[in-house]
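K.L.:
Predicted model and sequence follow; I will ask about them next.
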Amino acid sequence: MIEQLEKLVHTFGPTGQEQAVAELIRTEIAPFVDEIRQDPLGNLIAVKKGKPGGKKIMLAAHMDEIGLVVSHIDENGFCRVRPVGYVLTATLVGSRVRFANGTIGVFGAEDEDKALWKPTGKLPAWDKWYLDVGAENKAAAPVQVGDMAAFYPFFHQQGNRLIAQSMDDRSGCAVLLAVAKQLSAPANDVYFVFTVQEEIGTKGAVAATYDVHPDMGIAVDVTFSADTPKAAPMAVVLGQGAAIKVMDGGMIAHYGLRQALVETAEAAGIPYQMEVLPGGTTDARSIQLSREGVPAGAISIPSRYMHSKAEMVDLRDMIACANLLTRFVTESA
Ligand code: CO
Ligand code: ZN
């Protein structure tokens with residue numbers, strides 16, 4: 001799983017440009033599923049057939065990562081950018097981003113002395129930040145207006161902790177791949193759906209769920225953990241297991257489904273915790289409201305520093321998520 005995750009986080013895939021991630025996942029999952037297709041939006045749908053009479057269960061993880069798009073290049077070659085998804089400005093100074101063509105950019109802020117060295121307590125607004133791509137003038141800029149970037153990729157393992165710029169949601173993609181590899185003769189048809197454009201409002205999942213028309217759906221995504229100094233209270237801790245979603249800023253998980261997940265975890269002795277997330281949401285929100293409505297829930301991977309350039313998750317939680325999902329789709333009806 002670690003090797004797979006490392007490949008995933010190194011692959012370029014800001015929202016709207018997920019194709020390289022889709023190609024990697026297609027290659028990795030192909031030996032373990034019965035069919036694979038990609039829909040017109042770019043969602044990758046891989047199907048593992050179950051036994052006759054089983055249900056159609058959709059598992060979703062999003063391929064996109066938060067990013068930036070160049071909106072203007074000035075005469076001196078400095079680029080202005082807009083965030084694609086919710087990028088935390090607090091993490092920007094000195095951060096590196098990477099474009100599809102390999103160009104590296106470094107963030108700086110206007111009036112750096114006042115904005116950063118003698119801070120007033122206020123972070124510069126988006127239009128005060130610029131991206132330095134090393135160009136001496138506009139004509140020499142190696143990128144164009146409209147080009148997209150993502151935070152510079154890296155991967156570290158320290159004990160059970162895993163750190164990378166795009167654990168949201170490549171850790172979820174790695175969990176789905178692990179489930180696909182572990183599955184043998186599931187009772188249900190399992191649809192592994194790797195979605196696009198989650199970070200700008202869970203959009204890919206809308207179209208994919210309509211297409212799949214599942215009997216139930218489970219999103220796998222990161223959530224906050226509340227175990228850092230003075231974190232807002234929440235009952236989710238890194239390393240304590242799969243977080244079974246109760247509610248977030250966009251949905252209430254289907255009660256029967258979340259109880260079934262709890263029962264599965266209990267029966268199998270898989271560590272789990274209950275997640276009540278005050279804000280934010282996942283693809284499960286879109287799954288839930290598809291067509292006539294779909295019982296939907298989510299299994300979350302606790303994470304620290306979400307939407308920063310260095311997100312941290314715990315390997316044991318990822319394993320718990322994979323084992324819980326595997327057991328659930330293998331047995332449940
Ligand atoms: Co996110
Ligand atoms: Zn996410």
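P.N.:
Good, I have the coordinates. Numbers count the residues shown, from 1 in each chain. Ligands and ions are numbered 1, 2, ... in the order given.
K.L.:
Surely Thr264 touches Thr326?
P.N.:
No. The pair Thr264 and Thr326 does not pass the contact test of Cβ atoms under 8 Å, sitting 9.8 Å apart. For the C-beta atoms, the positions are set from N, CA and C on the backbone; glycine is no exception.
K.L.:
Count the neighbours of Ala253 for me.
P.N.:
Neighbours of Ala253 under the rule other Cβ atoms under 10 Å: 25.
K.L.:
show me the contacts for it.
P.N.:
Listed by Cβ atoms under 8 Å, 6 or more residues apart in numbering, the contact set of Ala253 reads 244-247, 284, 296-298.
K.L.:
And Gly54, by the same measure?
P.N.:
For Gly54, the contact set (Cβ under 8 Å, 6+ apart) comprises 186-189, 333.
K.L.:
Distance check, it against Leu183.
P.N.:
According to Cβ to Cβ, to the nearest Å, Gly54 stands 12 Å off from Leu183.
K.L.:
Does Ala149 have any beta-bridge partners, and if so which?
P.N.:
Leu68, Phe99 (DSSP bridges).
K.L.:
Now do the contacts for it.
P.N.:
14, 67-70, 81, 97-99, 103, 105, 131, 143.
K.L.:
Go ahead and build a ChimeraX selection from the buried members of these.
P.N.:
To isolate the buried members of the contacts of Ala149 in ChimeraX, using 16 or more other Cβ atoms under 10 Å:
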select :14,67,68,69,70,81,97,98,99,103,105,131,143
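K.L.:
possible to save the contacts of Ala149 as TSV with pLDDT and distance to ligand 2?
P.N.:
Supplementary listing: the contacts of Ala149 in TSV, determined by pLDDT from 0 to 100; distance: Cβ to the ion, whole Å:
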residue	pLDDT	distance to ligand 2
Pro14	98	13
Gly67	97	13
Leu68	97	17
Val69	98	19
Val70	98	24
Val81	97	21
Val97	97	19
Arg98	98	20
Phe99	98	22
Thr103	98	26
Gly105	97	23
Leu131	97	24
Val143	97	26
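K.L.:
could the contacts of Ala149 go into a markdown table alongside distance to Val236?
P.N.:
Below are those laid out as a markdown table (distance: Cβ to Cβ, whole Å):
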| residue | distance to Val236 |
| --- | --- |
| Pro14 | 27 |
| Gly67 | 26 |
| Leu68 | 29 |
| Val69 | 32 |
| Val70 | 36 |
| Val81 | 32 |
| Val97 | 29 |
| Arg98 | 31 |
| Phe99 | 34 |
| Thr103 | 37 |
| Gly105 | 34 |
| Leu131 | 34 |
| Val143 | 38 |
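K.L.:
From the chain's centroid, how far away is the helix or strand bottoming out on mean pLDDT in the chain?
P.N.:
The helix or strand of the chain with the poorest confidence is helix 112; it has a mean of 83 (mean pLDDT, DSSP states H and E). Helix 112 has its C-alpha centroid displaced from the chain centroid by 32 Å (Cα atoms, centre = their mean, to the nearest Å).
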